[in-house]
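Asker: Have a look at this prediction, sequence included:
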Amino acid sequence: MAERETYSGSSTGPIDGPDLLDQYAARVKTLFDASVLPLTSVGGTGNAVTATLDPPLDGGGLVNGMKFTITWGAANSGAVTLAINGGSAVPVVDADGAALGASALASGRRSLIEYLSGSFRILSSAGGAGAGAGPAYQAFTSSGTWTKPSGYDDDTVVMVEIWGAGGSGSRPSGGSGGGGGGGSYAARLFRIGDLPSSVTVTIGSGGSPPATNSPGNAGGGTSFGALLSAFGGGGGQGLIAGAFALQGGSGAGELAAGVAPASANGSLGSAAVGGAIGGGGSGQNAGTLHGGGGGASASTVGSAVFGGAGGSHGSGGSGGVSKYGGNGGNAVGAAGSAPGGGGSGGTSGTAAGAGARGECRVTIFG
């Protein structure tokens, strides 16, 4: 049986470096294998499809249960295969495991697929018999209500993705302030039959630029009712003397919001200031696929994969980059990009950048 203990700063030492890294790598791989990963740059033909996955799969390749989203580039005229990143062509079949018939796919149609025993199965009803009302997509950039549409089979798959908002940079009375941290990302798959008739969607507001001689403000959390939540990034710091005067806010993690650094939270750049599970500490990259990047401390800034990236430092430099979330502010006083990017730090004469709002995306694979 695998070891279930998770090492932390309170664990009884000494903890060997290889043990910690092995545990960390195993947990990151588990999260990667369980995530729904977007396929991009879809090409090839309707029957022999190619696509790109970034970041690519590790040496273990495809694993049973891996799920991907794809927007098909053309209709098919017969059986379909899919090759990812130039790898082997893998058959694409319907939910029952049968080969696809002509016109089962269409240009622009989105599908959720799962790798299982040597083939990709289309889990959405568009890939097999019993198609419902067709695929649908809705994005919320401000708070509102999602209303469940009619006409779908109860087993139709719905994917909900949300981002917390980014924190703003700080604005010290002298010198330069730290950048704001990026918001975290969360996603979940549902049967449409299990969802209520309506769900309240709350979109986190980006951290607002602070007054002079003030730390940055944290970004707000985003939620899809009580079913899914993502946290906001922490505000940058620029007030505390010594090693902490230039720190950026931490990125949000899966279990906690990001925070503004303080002297009790570890040394410059320490992951101790990150949000719980995956949020980047001051100036650090996100620790997991879904965490937000930490705001810049001097020239060091945190990037992310799905979460928002951290904002740049008030002394200049580049903002963090996110693959699927928003980038951090990229100049002194620049706002972060939606969804979830952290704002840049300011100076005594330049206002800090605001954090970017959160977002909610609902995709029905009908």
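Answerer: Sure, I can see it.

Asker: Okay, D96 and N64: tell me how far apart.
Answerer: As judged by C-beta to C-beta, to the nearest Å, D96 and N64 stand 17 Å apart. The C-beta positions use only the backbone N, C-alpha and C, and glycine is treated the same way.

Asker: Over to A309?
Answerer: For A309, the distance to N64 - C-beta to C-beta - is 32 Å.

Asker: So which of the two has more stuff around it?
Answerer: Set A309 next to N64 and count neighbours by other C-beta atoms under 10 Å: A309 wins out with 41 against 10.

Asker: Look at the more buried one and give its secondary structure.
Answerer: coil (DSSP: H, G, I helix; E, B strand; the rest coil).

Asker: quick thing: my sequence starts at 651, can you match it?
Answerer: With 651 as the first residue, the last one maps to A959.

Asker: residues contacting the closest residue to it other than its chain neighbours?
Answerer: Nearest non-adjacent residue to A959, counting by C-beta to C-beta, 6 or more residues apart in numbering: G970, 3.1 Å away. For G970, the contact set (C-beta atoms under 8 Å, 6 or more residues apart in numbering) comprises 829, 832, 935, 943-944, 946, 951-954, 959-962, 977-978, 991-992.

Asker: Same check on I763?
Answerer: Neighbouring residues of I763 by C-beta under 8 Å, 6+ apart: 717-720, 732, 742, 770-773, 777.

Asker: so which strand or helix has it?
Answerer: Assigned by DSSP states H and E, I763 belongs to strand 760-766.

Asker: Just list the residues touching L762, thanks.
Answerer: Taking C-beta under 8 Å, 6+ apart, one finds 686, 717-719, 772-774, 807, 809, 839, 1015 in contact with L762.

Asker: what is the mean pLDDT for stretch 936-950?
Answerer: Regarding stretch 936-950, the rounded mean pLDDT is 82.

Asker: Extract the C-alpha set from it and format it as PDB.
Answerer: C-alpha atoms of stretch 936-950 as PDB (Å, rounded to 0.1, in the frame of the first residue of the first chain):
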ATOM      1  CA  ALA A 936       2.300  27.500  -9.200                       C
ATOM      2  CA  GLY A 937       3.100  24.300  -7.400                       C
ATOM      3  CA  THR A 938       0.400  22.200  -9.200                       C
ATOM      4  CA  LEU A 939      -1.500  22.400 -12.500                       C
ATOM      5  CA  HIS A 940      -4.400  24.300 -10.900                       C
ATOM      6  CA  GLY A 941      -2.600  26.700  -8.600                       C
ATOM      7  CA  GLY A 942      -2.000  30.400  -9.300                       C
ATOM      8  CA  GLY A 943       1.500  31.900  -9.800                       C
ATOM      9  CA  GLY A 944       3.100  34.100  -7.100                       C
ATOM     10  CA  GLY A 945       3.400  37.900  -7.700                       C
ATOM     11  CA  ALA A 946       6.900  39.100  -8.500                       C
ATOM     12  CA  SER A 947       9.600  39.700  -5.800                       C
ATOM     13  CA  ALA A 948      12.100  41.900  -7.700                       C
ATOM     14  CA  SER A 949      12.900  40.100 -11.000                       C
ATOM     15  CA  THR A 950      11.300  36.700 -10.000                       C
END
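
Asker: This protein: helices as residue ranges?
Answerer: 667-684 (DSSP state H).

Asker: low pLDDT regions in it?
Answerer: The chain contains residues with pLDDT under 70 at 651-667, 669-671, 674-675, 677-678, 775-783, 888-896, 898, 902, 905, 908-933.

Asker: okay, now L681: neighbour count?
Answerer: Neighbour tally, L681, other C-beta under 10 Å: 15.

Asker: Would you quantify the distance from it to A936?
Answerer: For L681 relative to A936 (C-beta to C-beta), the value is 12 Å.

Asker: What of F1015?
Answerer: 27 Å.

Asker: So which of these two has more stuff around it?
Answerer: Using other C-beta under 10 Å as the criterion, F1015 and A936 rank with A936 on top: 35 against 27.

Asker: At the geometric centre of this structure, which residue do we find?
Answerer: F956 (2.4 Å; C-alpha atoms, centre = their mean).
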